[in-house]
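Q: Structure, please.
(one chain, ligands or ions: 1)
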Amino acid sequence: MKTYLALISAAALALSACGGQETAAPAAQPAASEATAASVASADAPAAASAASDSAAAAPAEGCEVVVNSDDQMKFDKQELEIKKSCKEFKIVLKHTGKMPKAAMGHNIVISKAEDAQGVVSDGAGATAEKNFVKEGDTRVIAYTKLIGGSEETSVTVDPSKFAEGSQYEFYCTFPGHYGLMHGTVKLI
Ligand code: CO
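A: This is a model prediction of the structure:
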């Protein structure tokens with residue numbers, strides 16, 4: 001505690017000492033570099049946040065977003081994805097809470113009519129991981145996220161009006177072999 005207080009007062013002295021100087025005194029160096037690191041970190045945060053919102057076009061309206069977690073056990077934490085019809089755009093966020101790399105335990109979310117799922121999955125298996133295991137130009141696919149690995153996150157925005165009344169929809173992972181454990185129902189509410 002004494003050491004701590006001594007450090008504080010030393011820092012305070014150093015700060016007040018360099019108050020009238022243009023350049024920082026050598027004694028103030030540790031405190032000054034710490035302050036620089038802190039300000040750099042806080043300056044980065046708004047920049048990162050604005051970059052993220054840029055890619056998402058606009059912030060989703062209240063209740064127009066859902067987060068689905070996936071893991072190293074080849075599981076989504078939801079069996080049902082509820083999409084609100086009243087939303088102009090609905091954002092689906094996919095998080096991978098595991099540690100395994102994309103090549104071994106990659107996950108994505110692909111949405112199609114339930115009847116099209118098997119075809120999308122088998123055609124997707126012929127695409128590469130770089131193509132997110134989705135066949136290029138597959139018109140059966142309503143929306144899909146990119147493929148991610150452990151500790152990564154991605155999102156996709158869907159237009160709820162693209163879902164036809166009376167049709168059954170599914171969401172699933174098209175990484176080869178994952179569909180069996182990684183699929184669920186899309187419910188328009
Ligand atoms: Co997967």
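Q: what comes up buried for stretch 139-156?
A: Within stretch 139-156, the residues that count as buried by 16 or more other CB atoms under 10 Å are 141-150, 152, 154-156. Heads up, the C-betas are built off the backbone N, CA and C, glycines and all.
Q: and the end-to-end length of that stretch?
A: 16 Å (CA to CA, to the nearest Å).
Q: check whether that stretch contacts the ion.
A: No: on the criterion CB under 5 Å from the ion, stretch 139-156 is out of touch with the ion, staying 8.0 Å away.
Q: And stretch 177-188, by the same measure?
A: Yes: using CB under 5 Å from the ion, stretch 177-188 comes into contact with the ion via 178, 182.
Q: The buried residues of stretch 139-156: which two are farthest apart?
A: 142 and 150 (26.6 Å; CB to CB).
Q: which bits of this protein sit near the ion?
A: Counting by CB under 5 Å from the ion, the chain sits next to the ion at 107, 173, 175, 178, 182.
Q: what's the closest non-adjacent residue to the second one?
A: Spelled out, that is residue 173. Of all residues not flanking residue 173 in the chain, residue 182 sits nearest, at 3.8 Å (CB to CB, 6 or more residues apart in numbering).
Q: give me every residue that touches that neighbour.
A: 70, 74, 75, 76, 107, 172, 173, 175 (CB atoms under 8 Å, 6 or more residues apart in numbering).
Q: is it true that the last one touches residue 107?
A: If I follow you right, that is residue 175. Yes: using CB atoms under 8 Å, residue 175 is in contact with residue 107, at 6.2 Å.
Q: Residues in contact with both of these two, list them for me.
A: Common contacts of residue 175 and residue 107 (CB under 8 Å, 6+ apart): 147, 182.
Q: now residue 68: how far from residue 107?
A: Distance, residue 68 to residue 107, by CB to CB, to the nearest Å: 9 Å.
Q: likewise residue 64?
A: For residue 64, the distance to residue 107 - CB to CB - is 22 Å.
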